[in-house]
Structures are given as structure tokens and as C-alpha cells.
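Engineer: Need coordinates for the following:
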Amino acid sequence: MAYKPQEILEVAGFAAGIMMKNGGETYRVEEMITYLCASAGMDNTSSFVIPTGLVISVSRSGATPETIVVRLRERGTNLEKVSLVNDFSRKMAIQKWSYPEAMARLQEIDSTQDSYKKYWVILASGMVAGLFTLFLGGVGMDAIASFITSVVIQSLIIFSLVREINFFSEFLGGFLAVLMGISFVKAGLGQSLDGIVIGAIIPLVPGIAITNAVRDVVKGELLSGVVRTFEAFWISVAIAAGVAASFYLFG
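Structural biologist: Numbering: from 1, shown residues only. Sure thing, here's the model as predicted:
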């Protein structure tokens with residue numbers, strides 16, 4: 001199916017946006033854009049991708065390039081959607097979907113719900129917190145306290161609007177980790193305050209953001225790597241600020 005340049009720009013921009021806002025690495029997104037546009041008959045493709053936006057330019061031989069700019073305001077982690085978009089780009093090259101079909105399939109991917117229910121995510125975060133507390137030398141009571149603390153923190157983040165405010169959910173998580181940790185220790189339901197607090201904030205640590213930042217830098221995507229590193233840095237600062245504020249008020 002022959003695509004007009006503006007049509008493939010919209011398809012590629014939509015697909016790239018889904019990947020970027022769900023945790024895809026910059027170099028993989030750019031490779032997907034090039035592959036997708038080439039499969040639609042574009043002879044020249046250029047793209048510039050960072051976590052907050054992307055620019056794509058395409059043209060056929062001898063024609064004037066056309067460009068699209070996509071602003072990305074959401075960022076999260078859903079690697080299933082990243083995988084689905086990769087699969088979409090490969091299938092599109094083979095099945096030659098029309099423009100409406102391609103956009104409909106991307107819309108379906110974008111609206112896909114997480115494979116894991118929210119309560120499983122909350123329980124998994126609690127288990128990570130509890131096990132990490134044990135790893136740090138805490139006793140069983142500390143692990144249970146850390147589990148409960150993490151479950152409360154993740155529940156507030158997932159089921160409230162605080163996640164819509166940049167870095168506030170991490171600040172709140174650090175604040176509650178200390179507040180609840182102190183409460184457990186003073187009530188005799190825990191021994192190691194450090195173990196409880198550190199375990200509870202581990203699920204908040206931006207591990208994927210740091211990993212993607214390193215991978216982008218290694219692949220030569222220096223600007224994107226710096227942006228991701230800066231974001232991870234401020235997430236860490238927000239967690240530390242929440243911990244410090246809670247210790248100052250209640251410690």
C-alpha cells in the first residue's frame with residue numbers, strides 16, 4: 001500500500017510516541033522509525049528523538065522533505081507496549097496495511113491495559129521491599145513492616161492523583177516510608193528503622209530510567225542520555241527530600 005509522506009509521518013510519529021512514553025530506548029525508537037518509513041517507500045528518513053519530543057522528516061528521491069513534530073508529555077514504563085509497537089513495524093512491512101488500518105492498530109496498542117493488575121503491582125512492590133529489608137539484615141518483623149509500608153505507598157501513588165505531579169509521588173513515598181517506619185519501631189513492631197525505610201523506598205528508585213540513560217549514552221544518543229539522567233537525578237532528589245523532611249519532623 002502506497003503512503004503519502006504526511007500519512008507515514010503520522011503513523012511513524014504515533015508509533016514512536018507510544019514507544020518513548022512507555023520506556024523505549026532512544027536508539028531503538030529511531031531504528032523503528034527508519035524501518036517503518038522505508039517499508040512505506042520513503043527513500044530518505046531522518047529523526048531526532050528525546051524523551052520530551054521527536055522530529056521526523058521523510059522524502060522520496062528528488063522530492064521536498066516533509067516533517068512532523070510530536071510533543072511527548074507523558075512518561076512511564078510499559079514494556080509490553082514497546083514490544084507491541086516493534087511487532088507492529090515488522091508486520092506492517094509484510095502485510096502493507098493501509099493508513100487507516102495502521103492508525104487503528106496503533107490506537108489499539110496505545111489503549112492496551114497493563115497485563116498486570118494494579119493489585120499485583122502493589123503486592124510485588126511490597127514483596128521487593130520486604131525481601132530487600134531482609135537482605136540488609138533486618139528481621140522478619142522489619143520485613144513485614146517494610147512490606148506494609150511499601151503497599152501503602154504504592155496504593156496511594158497508583159490510586160490517587162499524586163502521580164500526575166512530577167516528582168511529588170516520589171517525595172511522598174520517601175516521606176511516608178520514614179513516617180511509617182518510625183511508627184512501627186516505636187510501636188515495637190520493628191527493630192531496624194534503616195532497613196524498613198530503605199526497603200520501602202527501593203520500588204521508587206528509577207532503575208529503568210538510569211539503565212536507559214546509560215544505554216542511550218553508550219549508543220551515542222548523548223542528549224537523550226543526559227535528559228534521562230537528569231530526570232533520574234531529580235527523582236532521586238525528590239525521594240531524598242521526602243526522607244529528610246520526614247526525619248526532620250518526626251525523627
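Engineer: Domains in the protein, by residue range?
Structural biologist: Domain assignment for the chain, taken from automatic domain parsing, gives 5-110, 118-250.
Engineer: got those as TSV, with mean pLDDT and mean neighbour count columns?
Structural biologist: For every residue, glycine as well, the C-beta is placed using N, CA and C. Converted to TSV, the domains of the chain look like this (pLDDT from 0 to 100; neighbours: other C-beta atoms under 10 Å):
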stretch	mean pLDDT	mean neighbour count
domain 5-110	92	18
domain 118-250	91	19
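Engineer: Am I right that residue 70 sits in a strand?
Structural biologist: Yes: under DSSP: H, G, I helix; E, B strand; the rest coil, residue 70 falls within a strand.
Engineer: Quick one: residues contacting it.
Structural biologist: 13-14, 16-17, 53-56 (C-beta atoms under 8 Å, 6 or more residues apart in numbering).
Engineer: For it, list each beta-bridge partner.
Structural biologist: Assessed by DSSP bridges, residue 70 has beta-bridge partners residue 54.
Engineer: Roughly how far does it sit from residue 145?
Structural biologist: Between residue 70 and residue 145 the computed distance is 45 Å (C-beta to C-beta, to the nearest Å).
Engineer: again with residue 11
Structural biologist: Remark: distance between residue 11 and residue 145 (C-beta to C-beta) = 50 Å.
Engineer: swap in residue 20?
Structural biologist: Distance of residue 20 to residue 145, given as C-beta to C-beta: 38 Å.
Engineer: One more: residue 126?
Structural biologist: For residue 126, the distance to residue 145 - C-beta to C-beta - is 11 Å.
Engineer: swap in residue 13?
Structural biologist: For residue 13, the distance to residue 145 (C-beta to C-beta) stands at 47 Å.
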